[in-house]
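**Q** sequence first, predicted coordinates after that:
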Amino acid sequence: MSNQKAQIFLDIQRTIAPISPLLFGGFAEHMGRCIYEGIYDPASPHADERGLRTDVIAALREQAYTVIRYPGGNFLSGYNWLDGVGPKDQRPRRRDLAWQSLETNQFGTNEFMEFCAAINAAPMLGVNMGTGDIQSAANLVDYCNTPEGTYWSDLRIKHGYPKPHNVRYWCVGNEMDGPWQIGHLDAVAYGNKALEAAKMMKWLDPTIETVLCGSSGDGMPTYPDWDRIVLEIAWEHVNYHSMHYYVNNNAGDTASYLASAVRFERFVDTMEGTLRYVKARRRSTHNVYLSWDEWQVWHSIGSPLGGRWTEAPHLAEDIYNLEDALVVAQWLNVFLRKSHVLKIACVAQIVNVISWLHTRRDALLKQPSFYVFKLVSNLARGDALDVLVKAPLVETKQYGEVPMLDVSASFDAETQQGALFVVNRSQTETLTTDIIWQSDAPRQVTGAYQVAGTDVKAVNTYEHPDTVVSRQITVGPIEGNTLSLRLPPLSFTVISTR
Ligand code: AHR
């Protein structure tokens, strides 16, 4: 072990773009125990009169989610939204082919709106482009957003919701590039169908913003042609292009895993290049941005996920450790660094299914990455800053040499609040790091927190829930324009200033 040094240069004038609040979104799917026993569990002692889990709601509010995508996911492509509205005792029980589970439909669009209101998040609804047709997609917009006086809006009113839900964000299908998708289409067929659906949806409500299905990851054989083709077809009628991505350390290569930001950035860069190409080719003045609406560490990806035709089966209830939390921190850093093109992001998923929040009927567990997300979603405000980092390098098998530090920063000119987010991805080196403000140094540090540990595999359990949490740390004062920090290996450090 040696005492190595690093420098981080900040300049509040050197901005990237305003940070979209929608980068701190989540995804809730009818899959496993995300909805049933996660969000909605009338049998839990923590349920309110509507069956919503109050402890889960409190945790989600702590995390300051701004938008929630629903109802899927692969589930979406076999879902008839009409099954989930109206009197609960008349809603059909159906087989969900995506997850081979039994769907009771006790939770549907209107319950989802109540849930979003309870956590102060905007709803982002998906329309079914698998078994669903463009008419049913348009009908859902009419049902949700027309104030009154049409068949569909009057039906909503009859169902007990006199005010329109005013849903602004709409996903036109889910992962339609994947052969696993119910009703999977090739790029041209999907592009045409999405275009026609989006047209009808926007004719019904011109204020809505639509999200096109992008590639389900950079490993898809059709990537990135899929993205170019669907964008070329539907460009003028969409506002966002979706990205989905899951990672894990199943290869047991921690050094490369802890450099995952390199891969995340490459994915965004390719998608950004595709957007620019299509915009130029179409001679368009219209802009399309990126919506990274599924992202997460997923260890059990690829394992059989059948629910054996049961209700709320335990699916993909992954256990997350410190190294996963450090990867999540890098993901969020990338969101800030790419905030000029990335405007929406939704972690998949918000509870129980590939989630850092886990429920038992009477208890709730917060896994390490919960604390990372909470810090960033609560503190990253204003503009993302273009940070200059000088740090020693660490060798990785997958990406060659990468800097030991992965950094992002924000500054809110209105409140004068700044925030700095630093991952030390080294497994051995403490870095003495000078934070140097090249202009307008803040007067004081208003908060300093760390998620860190010595064991990359450390986890939280119901018995020991506080093994990896965020802890307040003490840091020296800002002297002149410099703050000196000691960043331990395997750490995520957050500094807020004013
Ligand atoms: O989030 C779990 C699943 O992962 C989603 O249903 C699907 O879109 C993706 O493949």
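**A** Thanks, I have the structure now.
**Q** drop to CA atoms for contacts and neighbour counts, all remaining ones
**A** Will do.
**Q** how close does residue 353 get to residue 149?
**A** Distance, residue 353 to residue 149, using CA to CA, to the nearest Å: 39 Å.
**Q** what do you get for residue 419?
**A** Counting by CA to CA - residue 419 and residue 149 are separated by 48 Å.
**Q** out of these two, which sits in the more crowded spot?
**A** A count of neighbours by other CA atoms under 10 Å puts residue 419 above the other of residue 419 and residue 149, at 26 against 10.
**Q** correct me, but that one touches residue 497?
**A** Yes - taking contacts as CA atoms under 8 Å, residue 419 lies within contact range of residue 497: 6.2 Å.
**Q** what sits against the residue of the chain at minimum distance from the ligand?
**A** Per CA to the nearest ligand atom, the residue of the chain with the smallest distance to the ligand is residue 73, at 3.2 Å. Residues in contact with residue 73 (CA atoms under 8 Å, 6 or more residues apart in numbering) are 29, 174-175.
**Q** can I get those residues in JSON lines including pLDDT, secondary structure and neighbour count?
**A** Formatted as JSON lines, the contacts of residue 73 follow (pLDDT from 0 to 100; DSSP: H, G, I helix; E, B strand; the rest coil; neighbours: other CA atoms under 10 Å):
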{"residue": "29", "pLDDT": "98", "secondary structure": "coil", "neighbour count": "23"}
{"residue": "174", "pLDDT": "98", "secondary structure": "coil", "neighbour count": "29"}
{"residue": "175", "pLDDT": "98", "secondary structure": "coil", "neighbour count": "28"}
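**Q** of these, which are in range of the ligand?
**A** With CA under 6 Å from any ligand atom as the criterion, the contacts of residue 73 include 174-175 near the ligand.
**Q** what helix or strand is the residue most central in space within the chain located in?
**A** With distances taken as CA atoms, centre = their mean, residue 346 lies nearest the centre of the chain, 2.1 Å away. With elements taken from DSSP states H and E, the one containing residue 346 is strand 342-348.
**Q** relative to the whole chain's centre, how far out is that strand?
**A** When distances are taken as CA atoms, centre = their mean, to the nearest Å, strand 342-348 is centred 4 Å away from the chain's centroid.
**Q** give me the neighbour count for residue 180.
**A** Residues within reach of residue 180, counting by other CA under 10 Å, total 11.
**Q** what sits against residue 232?
**A** By CA under 8 Å, 6+ apart, the contact list for residue 232 reads 278, 282.
**Q** phi first, then psi, for it.
**A** phi -60, psi -40 (degrees, to the nearest 10).
**Q** and if you look at residue 391?
**A** With angles defined as degrees, to the nearest 10, residue 391 sits at phi -140, psi 150.
**Q** distance of the residue nearest to residue 224 when sequence neighbours are not counted relative to residue 198?
**A** Residue nearest to residue 224 in three dimensions, not counting chain neighbours: residue 215, with 7.0 Å by CA to CA, 6 or more residues apart in numbering. Using CA to CA, one gets 18 Å for the distance from residue 215 to residue 198.
**Q** and residue 309, by the same measure?
**A** Distance of residue 309 to residue 198, computed by CA to CA: 33 Å.
**Q** and the longest helix anywhere in the chain, what's its mean pLDDT?
**A** Ranked by residue count, the top helix of the chain under DSSP state H comes out as helix 260-281. Per-residue pLDDT values across helix 260-281 average out to 98.
**Q** give me the angle between that helix and strand 342-348.
**A** Helix 260-281 and strand 342-348 are oriented at 130 degrees to each other (axes from the mean of the first three to the mean of the last three CA atoms, to 10 degrees).
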